[in-house]
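Chemist: I would like to see how this sequence folds:
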Amino acid sequence: MIPSVSKTAIHNLQGKLLSNLSIVTDDFEELNRIDEFTLLNEIHFDPNSGILYSLPGNYTSGIRELAIINSTTNKGNLIRLPEMEKAGNFRVFFNTENAKSIEMEEYSLSIIDDKIYITCTIGSGVYRYDPTTNELEYFEFNHQLIPNEKTGEIINEVYSEKEFNAEYRKIRSQVSFLKLIWDNETSRFYRLAYKGVLGDQQIEPISYEVFLLAYSENMELIGEALIPDFNQVPESYFFKDGQLWSYVNVRDELGFAVFTFDF
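Modeler: Numbering: from 1, shown residues only. As a prediction, this is how the structure comes out:
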């Protein structure tokens, strides 16, 4: 699937067009209250069922919902994710006549073993949606090395760069939880989390503490550890041959950080 605002289509690996998909909100009565451009957020296509899943929402609120769209019948609906709506409390909107910018929490969506897993950087909780039963479950965890979620008061709309930087630092110094992935080699879920280490003057963190978190297939926390000697936020990480891979920049060329676990 190659999604875009103007057209979304399914191609085979030789580049041949197999089908076009309609994801315009006007076509779905249940979805017409959301911004159609946000339908592309974390959009995934399940080729077995022909269902599209994504996390649309309002850009300024920072809150997402689960959209379920049947590409065959052109019917769709939205499911609220109430436990993650606290993410809206940790957005910062820099709003002036000459400049606008927004900082907000990030959501992720993964299809693993025909189930939908949704996470948000705001906290460690995980939603699991089962399409066969239409059941939505929320799992909470009690982490020991890091807080379970962000806390504190954030001013959501600011009108100067100084105010924006102050609120931004409050957020970046706290824990952020990244996406959930499945490793077939160990039959476990893994995810990474990080905390920014702030300097006295710099707006951006000068380094990061990165943590590896492990869960059973029944979504029980079974392990957590600080990854030593790794001080940057991992990007687009995935498992391959029992090792954790993450994209890194090596002298402006694509490279990988590769982690081998002995446990």
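Chemist: distance between stretch 149-159 and the chain's centre?
Modeler: In terms of CA atoms, centre = their mean, to the nearest Å, the centre of stretch 149-159 is set 20 Å apart from its chain centre.
Chemist: What would that stretch look like as CSV? C-alpha coordinates only.
Modeler: Output of stretch 149-159 as CSV, limited to C-alpha atoms (Å, rounded to 0.1, in the frame of the first residue of the first chain):
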residue,chain,number,x,y,z
GLU,A,149,3.7,8.1,32.2
LYS,A,150,4.4,11.8,31.9
THR,A,151,3.2,14.0,34.7
GLY,A,152,3.0,17.7,35.6
GLU,A,153,1.2,20.8,34.3
ILE,A,154,1.9,22.0,30.8
ILE,A,155,0.8,25.3,29.4
ASN,A,156,-0.8,24.2,26.1
GLU,A,157,-0.8,27.5,24.2
VAL,A,158,2.1,30.0,24.5
TYR,A,159,2.8,33.3,22.7
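Chemist: Mind listing the residues bridging to the residue nearest to residue 111 when sequence neighbours are not counted?
Modeler: Ranked by CB to CB, 6 or more residues apart in numbering and with sequence neighbours excluded, the top spatial neighbour of residue 111 is residue 44, at 5.4 Å. For every residue, glycine as well, the C-beta is placed using N, CA and C. With DSSP bridges as the criterion, residue 44 is bridged to residue 53.
Chemist: Any idea how many residues pack against residue 44?
Modeler: Residue 44: 15 surrounding residues under other CB atoms under 10 Å.
Chemist: Residue 108 is in contact with that one, correct?
Modeler: No - Residue 44 lies out of contact with residue 108 (CB atoms under 8 Å); the separation is 10.4 Å.
Chemist: Does residue 118 lie in a helix or a strand, and which?
Modeler: In the assignment (DSSP states H and E), residue 118 maps to strand 115-120.
Chemist: Adjacent strands (with direction) for that strand?
Modeler: Per DSSP bridges, strand 115-120 is paired in its sheet with strand 107-112 (antiparallel), strand 123-130 (antiparallel).
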